[in-house]
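Novice: Quick one, fold the following:
(2 chains)
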Amino acid sequence: MRRLPAGGRVDRGVPLRFTFAGRDYQGLEGDTLASALLGNGLGGTFRSPVLRRPRGVMTAGPEEPCAFVEVSAPRFDLIAPATMVPLVDGLAAAPVAGVGRLPGPGVDAPPSEHRYAHVETLVVGGGVAGLRAALQAAGRGDRVMLVDERSWLGGMARSFETIDGLPAWAWVDSTAAKLRGAPDVTLLTDATALGVYDAGSVVVHERSRPVERLWHVRARRVVLATGAHERPIAFAGNDRPGVLLSSAILTHLDRFAVLPGERAVVFTTNDAGYLAARALREAGAGVVAIVDVRPQAEARESALADGFVVMAGAVVAATEGTGYVTAAIVTGAGWERTRLEADLVAVSGGWNPVTQLHRAIGGGLRYATERSCFVPDGGPEWLSVVGAAAGEVPATEPCWYVPAEDLSEHFVDLQRDQTVADVAAALGTGLRSVEHVKRLTYIGTAVDQGRASGALAAEVVNQLLGAGPGAQGPTNTRPPWSPVAYHVLAGPFRGALFDPVRRTPIHAAHVERGAIFEDVGQWLRPWYFPRDGESMEEAVLRECAAVRTGVGMIDASTLGKIEVVGADAPVFLDRMYANAMSRLEVGRIRYGLMLGVDGMVFDDGVAMRLAADRYVVTTTTGGAARVLARFEEWLQTEWPDLRVHCTSVTEQWAAIAVAGPSAREVLRAAGTDVDVSAAAFPFMTWRDGEVAGVPARLARVSFSGELAFEVHIAGWHGRHVWEALLEAGQPFGITPYGTGTMDVLRAEKGFIIVGQDTDGTVTPEDLGMSWAVNLRKGDFVGRRSLRRADLVRPDRRHLVGLLPVDRAALLQEGAQLVDAENARAAPPVPMLGHVTSSYRSAALGGTFALALLERGRERVGSVVYARTGGTGAEAIAATVTAPVLYDPEGARRDG
Amino acid sequence: MLLVPCPWCGPRDEVEFSYGGQAGIAYPADSDALDDTAWADYLFMRDNPKGPFAERWNHLYGCRRWFDVVRDTATNQIMEP
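Specialist: Predicted structure coming up:
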């Protein structure tokens, strides 16, 4: 194992320092970590994950099953095959036995970015076939992208003697130069196509430095030139360091000028082994013998003529060695059991076309008998497969495992430490399908998803079952083709950029006032405004008391607002809402429930009629987009004849609710030309005018049950009006409040929050809100469903209030309700419903809750039990009441 | 990711759209005339073929228009419009 003095495509003038397992070494520019390790005599320093057997570098590519490392510098990678880690100066790595470790806390994920590309032709794989395809596409004027997971182009060019009359690598260099010079051609190396998806969409992970990239590529045509991976053969000790695939030996000699051993035995099923044997001899190694399973082979004659020892019709049955290979045992018809001293066993069990990407997008597989492998078949019309991936691989004699009495060191999946004996044991349990064997043995489930082992495992199963080759194919694999870290998939969309944050025009004022915020959908809303170290509970009780006894104000700008305009707007809203919006007079406001076609409550809000053909409707904060989308759906798909346009105006308007007995005085003090007296400005009407010197729309609606005005102003006046109202309210003790207080105040009044007190299975009747349903006005969305048998069942759950018997006990939202006999019983017990909202109330002098309770309205006055702990835990008793617990006669709304 | 042909904006990535289920299920002209079974059939029952399927899409994060396409559910190929 050494670096050769000449040759290869490494730069001997640029030595690179690296550390491996804490010790310093040197490699060369152009190396992979694996080739640098081989060059330093470190090819066998790995361990297997389960059996802790010594393992070494076995391949020169992504199919590597043994040589896994954790990279700590220059960029952390928890597990990567050393064959795919480009050597850079200062690289630090250590061997990993199959299972990576996440970095500890405090290690930030490195930055990464997303890019998008649109091309006519995307070529996956930059070997000879891929380069040809890219050149052809560029020649017809396509925008072309070519990606290759390795650091270089050319793939297995070495397996061609000449291409188009040029030496293989000269052809690769000249073709790459042509492509680089062509317009609209992008060549990416260290770039892995993770998956090919519908309609030419391909996700590519580029391991660029310093920032990794995830490319979303949309291509009119995708060409898979993914090559073929050489297949190992299962024989005793086939996992020993020093057993390498023949293609790995070629690549390491050819690209990196490293010689993996001095005395080689070649074990082959096809002509590839002869290529490796010649390359080894050229590099100065001794080739002890070529062991060819084929009794007859053309290649044999010329090899014999060149002085090679060829053992035809023979197999390598075993290797010997403590740690590294020291000998190979050869047997065969006509051959004595022969022990050959060797430090290198080159194996070629045949070739597996890399069809995984093709298969995952719907391509099929077909067994090619002469080549002893599965080749791609069918697939979408925009996808083509070329070169070795398409099955252009050498004719191969089938040889999966070498029969022996003891099969317990015949490794099939080296990453899972699973042998032919393990596969036989799985079949012994009665399993017959490769997919089942995979799930029992875990073969094919390690980091490489069975690249090296998948086809072999399937054929071992076929052979053990006495079925012919190809009877069952390899197990299915799914994207990603190579493991990819979550931070790469996340790209920049993490932390503050994970999801947009929406702030109201008044947000800055809340921050200055020390508000604690709550996420409501994407909105940030003040939750409560603590004073002097108050807890949330203390702040909310204080804010609630202020609204009930004086005056408070809340930023209501997040309310969804949709303008519905057009001659048919009244008809349209009649069909969308459960109540009659067409009869609403201009200047008035009506509360409306919106139902799904299934009759369930979907959203609620108020409609203000601005003119005969113009309304503005409000929605729940989280429901604005949903409601607008629903309006559009019905308008476009069912009633395109209606002359109606819907426009979101949520962000155009800021809204401030001033609520409490002193609300009127506050508005007057802030300065308004609107007559806010009870007589001139009744409940559920709106008026346009000025507030604090700017145009405003005032609405007398109340979500607290108190006298209240919603002040709607242009967004850019929001902050000004907020401050003006706050200052004007000082003499009245005006108190800004947040959603915490709003929740308590509305629940005391039995006002629902859609999505909290409802869950998509709740009808207006369940809520006791049939008053908001007008069955006489004509059809509306959800109407017919309201009399479906299930919706008129007498045992449906009703919205009720709950008053805990212990007035200090707070029920848990979501707690299940049971009757007395099941208060402590072990589940399962019949559940009568659940708590939807639960708070402490200053006005009610204790805790209270809203709940959905089976036959709830019939149970008013009785006691139910809220279960929160496990079996035997104390359940909380609560008396069932009507849902409106505060001011049920509505005396307070006019102040 | 599907490439969905919006008739107004051209082919766009699937993430710009929301899916609307089977196409051609019209809202009954007289819902009151339907018995519970017929109403439930309108409400809940949809085809689930392997092969061509007429379905609705909404270009929600684009022009917000609804339209129909025919998609082969076995291959995800969009055949019409």
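Novice: Could you tell me which ranges of chain A sit under the pLDDT cut-off?
Specialist: Residue ranges of chain A with pLDDT under 70: A:870-872.
Novice: can you rerun that using 80?
Specialist: A:1, A:103-108, A:333, A:869-873 (pLDDT under 80).
Novice: give the contact list for A:T32.
Specialist: A:A60, A:A82, A:T83, A:M84, A:V85, A:P86, A:L87, A:S151, A:F256 (Cβ atoms under 8 Å, 6 or more residues apart in numbering or on different chains). C-beta: built from backbone N, CA, C; applies to glycine.
Novice: out of those, who has the most neighbours?
Specialist: Highest neighbour count within these: A:A60, with 31 neighbours (other Cβ atoms under 10 Å in any protein chain shown).
Novice: check contacts around the spatially closest residue to it that is not a sequence neighbour.
Specialist: Once flanking residues are discounted, A:A60 sits nearest to A:T251: 3.7 Å by Cβ to Cβ, 6 or more residues apart in numbering or on different chains. A:T251 makes contact with A:A60, A:G61, A:M156, A:R158 under the criterion Cβ under 8 Å, 6+ apart.
Novice: nearest to chain B, of those residues?
Specialist: Of all the contacts of A:T251, chain B sits closest to A:G61, with 28.5 Å by Cβ to the nearest Cβ.
Novice: List the residues that contact the closest one.
Specialist: By Cβ under 8 Å, 6+ apart, the neighbours of A:G61 are A:T83, A:M84, A:R150, A:H229, A:S247, A:A248, A:T251.
Novice: Helix or strand: which one has it?
Specialist: Using DSSP states H and E, A:G61 sits in no helix or strand.
Novice: try the one 5 residues further on
Specialist: Counting by DSSP H and E, A:C66 is held by no secondary-structure element, helix or strand.
Novice: what about A:E889, how many residues close to it?
Specialist: Neighbours of A:E889 (other Cβ under 10 Å): 6.
Novice: where's it, which helix or strand?
Specialist: Using DSSP H and E, A:E889 falls outside every helix and strand.
Novice: just A:G27 next, same as before
Specialist: strand A:23-29.
Novice: what helices or strands is that strand leaning on?
Specialist: strand A:11-20, helix A:33-39 (3 or more Cβ pairs under 8 Å, 6 or more residues apart in numbering or on different chains; DSSP states H and E).
Novice: So which of the ones you listed is nearest chain B?
Specialist: That would be helix A:33-39 among the helices and strands packed on strand A:23-29, by Cβ to the nearest Cβ, at 34.3 Å.
Novice: The closest one - contacts with which helices or strands?
Specialist: strand A:11-20, strand A:23-29, helix A:246-256, strand A:258-259.
Novice: Residues touching the last one, excluding its own?
Specialist: Strand A:258-259 is contacted by residues A:1-4, A:8, A:35, A:38-39, A:252-253, A:280, A:283-285 when judged by Cβ under 8 Å, 6+ apart.
Novice: And the next helix-or-strand element following that strand, what does it pack against?
Specialist: Note on strand A:258-259: by DSSP H and E, the next helix or strand toward the C-terminus is strand A:263-268. With contacts defined as 3+ Cβ pairs under 8 Å, 6+ apart, strand A:263-268 has these neighbours: helix A:246-256, helix A:272-282, strand A:286-292, strand A:314-320, strand A:327-332, strand A:344-348.
Novice: Okay, now the sheet partners of the fifth one, with direction.
Specialist: The strands beside strand A:327-332 in its sheet (DSSP bridges) come out as strand A:314-320 (antiparallel), strand A:335-341 (antiparallel).
Novice: Other residues contacting the first one?
Specialist: Taking contacts as Cβ under 8 Å, 6+ apart, the residues outside strand A:314-320 that touch it are A:233, A:235-238, A:240, A:242-243, A:265, A:267, A:291-293, A:325-335, A:337, A:339, A:345, A:347, A:399, A:402, A:404, A:409.
Novice: Buried ones among those?
Specialist: With burial judged by 16 or more other Cβ atoms under 10 Å in any protein chain shown, the buried subset of the contacts of strand A:314-320 is A:233, A:235-238, A:240, A:242-243, A:265, A:267, A:291-293, A:325-332, A:345, A:347, A:399, A:402, A:404, A:409.
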